[in-house]
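[1] Fold the following and give me the result.
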Amino acid sequence: MAFNPVLLAAMSDVEPSEAGLASGLVNTSFLMGGALGLAVLASVASSRSHTLRLGGAGELSALTGGYHIAFLVGAAFAAAAAVIGGTLLRENPAAAHEPAQGAPAAEIS
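    Numbers count the residues shown, from 1 in each chain. Below is the predicted model of the structure:
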């Protein structure tokens, strides 16, 4: 649900001559972000499961504990991204009311 709006936001101010380069960069960032995020969450889950297993927890209980902490970390990152996006991606209200460059301003009679 988030990929298309993020792609539109990333491509909105790109010159047409740079659209291919920008699109490639955005798509590469999506893929690398997903791979890196999965690697971090899998490492967190594995580490927590191993720690619980060494502490005497059963195999399934340790695995559940590892997944639990990985989901919590993933949710924390998603919440942080939502806050950062909501804060930084606000439209400039002054720019929304200015006429486009090259367009004549409306005359008041």
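
[2] what kind of secondary structure is residue 14 in?
    Applying DSSP: H, G, I helix; E, B strand; the rest coil to residue 14 yields a three-state assignment of coil.

[3] Just the element for residue 9, please.
    Using DSSP states H and E, residue 9 falls within helix 3-11.

[4] Which positions within that helix qualify as buried?
    residue 10 (16 or more other C-beta atoms under 10 Å). For every residue, glycine as well, the C-beta is placed using N, CA and C.

[5] so where's the chain uncertain?
    In the predicted model of the chain, residues 91-109 satisfy pLDDT under 70.

[6] residues making contact with stretch 43-54?
    Applying C-beta atoms under 8 Å, 6 or more residues apart in numbering, the set of residues contacting stretch 43-54 from outside is 59, 61, 62, 63, 65, 66, 67, 68, 69, 70, 73.

[7] Distance of residue 17 relative to residue 28?
    For residue 17, the distance to residue 28 under the criterion C-beta to C-beta, to the nearest Å works out to 19 Å.

[8] So for these two, which sits in the more crowded spot?
    Neighbours were counted for residue 17 and for residue 28 using other C-beta atoms under 10 Å; residue 28 has more, 10 against 7.

[9] Can you tell me how far that one is from residue 47?
    28 Å.

[10] With residue 12 instead?
    Using C-beta to C-beta, one obtains 40 Å as the distance from residue 12 to residue 47.

[11] Between those two, which is the more surrounded one?
    In terms of neighbours (other C-beta under 10 Å), residue 47 is the more surrounded of residue 12 and residue 47; the figures are 13 against 7.

[12] what's the helix or strand for the more buried one?
    Mapping residue 47 onto the secondary structure by DSSP H and E places it in helix 19-54.

[13] quick one: buried residues of that helix?
    Residues of helix 19-54 classed as buried under the neighbour-count rule (16+ other C-beta under 10 Å) are 26, 41, 44, 45, 48, 49, 52, 53.

[14] Which one of the residues you listed is nearest to residue 8?
    Distance from residue 8 was checked for each of those by C-beta to C-beta. The minimum falls on residue 26, at 10.1 Å.
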